[in-house]
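Visitor: got a predicted structure here, sequence first:
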Amino acid sequence: MKVDSKKIAIKYLKLSKLRIVELLLITTVPSMVVSIYGFPPLELILFTVLGGTLLAVSANVLNQIFEISTDSLMERTVNRPLVTGEVSKKNAYIYSISLGLFGYLILYTQSTTLAANIALSANIFYSFIYTLILKPRTNQNIVIGGAAGAAPVLIGWSATGAELEIGSWLLFLLVFLWTPAHFWALSLENIDDYKDADFPMLPTQESKKRTAIFIGVYSCATVITSILLAPILQLGITYLVLALLFGIYLMYKSYGLYIDKVKPISYFIFSNTYLAVIFLSMVGDIFITLGSI
C-alpha cells in the first residue's frame, strides 16, 4: 500500500498549530535585537527561532493529547487530528517528545544554556501546569499560564548571551499582561464552546460586562508597561509615538467591548496587531538610532 506522504505531512502540520507559534516569532527576534542593541548573527537568529519553535510545537501537541476528550466537545476543536483519529495518541507522543528534545539540543548547542532551559521550562509549564492543573480548575488560568507565552522574550534575550536584567523582565511583563485580555476576547467569541467543555474560563463564570472590565484593566496595564519600556530600554521618539497611538487604540477597543460597540473577535485581532507593532517598532527605533550615529 502506497503511503501518501503529503497527506501525512498535512496532518502533522495541522497538529502542530503553527499559528500559535507566530507569537514566538513576533517577540523572540526583536528581543534578541533589543538585548544587544544591534542585529545578532543571522545564524543565531535562525537556530534560536527553530529551537524555540520546535519546543513550542511540542507543547502544543502535548496540550492536544491531554485535551482530546474536551476538544471533542467544542465546535472549533472537534476536527483536530487527535480528535478525528487522523493521528494516533502514540504517534503524537513520539512527535511531541522528538520535537522537544531536538529543539532543546538546538538551543543548548547553538545559543546558550539559559535560553535552552527557559524554553524547556516554558514547555513543561504550559503542557503540565497550565493544561492539566490550571485550565480545568480556575478562571484565572490564563493569567498564570501567560508566563509560558511570555517566555520567548526571555529566550530571545538570553540567546544572545545578554544577562536577564530589568529591561528583559519588563518585556516579559508586557507579554504577560497582554495575554489574558487577548485570550479572554477569544473566549468571549467562543463562549459556548468553553461552556460545552466545562472549562472555567472567565467569560463562562462572569458576565460579558465584567469580563470586558478585566480586559480593560489588563489592556491599560499593558499600555503603561509599553510606555515604561521607552526609558528603560533607551528607545526614542519613533517607538514612543507608535506605542502611544496603538496603545490608545487598544484602550478604545477595550472600551468599545465594554459598551458593546466592538465585537470580541475585533479586539482579539487588533491585539495581535498591537503586539507586533510594539515589538517591531522597538527594532525600527534601534536601527534608526544606530543609523544616525
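Guide: Cool, got the structure.
Visitor: only C-alpha atoms for contact and neighbour calcs from this point on.
Guide: OK.
Visitor: strands of the stretch 1-150 of the chain, residue ranges please.
Guide: Applying DSSP state E, counting those that start in this stretch to the stretch 1-150 of the chain gives no strands.
Visitor: any idea how far Ile10 lies from Ile269?
Guide: Distance, Ile10 to Ile269, by Cα to Cα, to the nearest Å: 25 Å.
Visitor: hmm, I was thinking of Tyr108
Guide: Distance from Tyr108 to Ile269, by Cα to Cα: 34 Å.
Visitor: between the two, which is the more surrounded one?
Guide: Tyr108 (18 against 13; other Cα atoms under 10 Å).
Visitor: the more buried one contacts Leu120, correct?
Guide: No - using Cα atoms under 8 Å, Tyr108 is not in contact with Leu120; the gap is 10.3 Å.
Visitor: so where do the helices sit in this protein?
Guide: Here the chain has its helices, by DSSP state H, at 5-16, 22-36, 42-66, 68-71, 81-84, 89-110, 113-124, 141-159, 166-189, 191-196, 202-205, 208-232, 237-258, 264-292.
Visitor: out of those, which is closest to Tyr130?
Guide: Tyr130 lies closest to helix 141-159 among the helices of the chain, at 5.3 Å (Cα to Cα).
Visitor: now do that closest one and helix 208-232, the angle between them.
Guide: 20 degrees (axes from the mean of the first three to the mean of the last three Cα atoms, to 10 degrees).
Visitor: list the helices and strands helix 141-159 packs on?
Guide: Contacts defined by 3 or more Cα pairs under 8 Å, 6 or more residues apart in numbering; DSSP states H and E place helix 141-159 against helix 22-36, helix 42-66, helix 113-124, helix 166-189.
Visitor: switch to 10 Å and redo it
Guide: Here helix 141-159 touches helix 22-36, helix 42-66, helix 89-110, helix 113-124, helix 166-189, going by 3 or more Cα pairs under 10 Å, 6 or more residues apart in numbering; DSSP states H and E.
Visitor: what is the rounded mean pLDDT of it?
Guide: When pLDDT is averaged along helix 141-159, the result is 92.
Visitor: output the below-cut-off pLDDT ranges for this structure.
Guide: Applying pLDDT under 70 to the chain picks out residues 1-4, 292-293.
Visitor: ok so, going back, so can I have TSV of the helices of the chain showing distance to Leu132?
Guide: Shown next, in TSV, are the helices of the chain (distance: least, Cα to Cα, whole Å):
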stretch	distance to Leu132
helix 5-16	19
helix 22-36	22
helix 42-66	7
helix 68-71	12
helix 81-84	17
helix 89-110	16
helix 113-124	11
helix 141-159	11
helix 166-189	18
helix 191-196	16
helix 202-205	17
helix 208-232	24
helix 237-258	30
helix 264-292	25
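Visitor: just name the most buried of the ones you listed.
Guide: helix 141-159 (a mean of 25; mean count of other Cα atoms under 10 Å).
Visitor: the inter-axis angle of that one versus helix 89-110?
Guide: 40 degrees.
Visitor: now helix 141-159 against helix 42-66, angle please.
Guide: 160 degrees.
Visitor: what's in contact with stretch 236-251?
Guide: 215-220, 222-224, 226-231, 252-257, 267, 270-271, 273-275, 277-286, 288-289 (Cα atoms under 10 Å, 6 or more residues apart in numbering).
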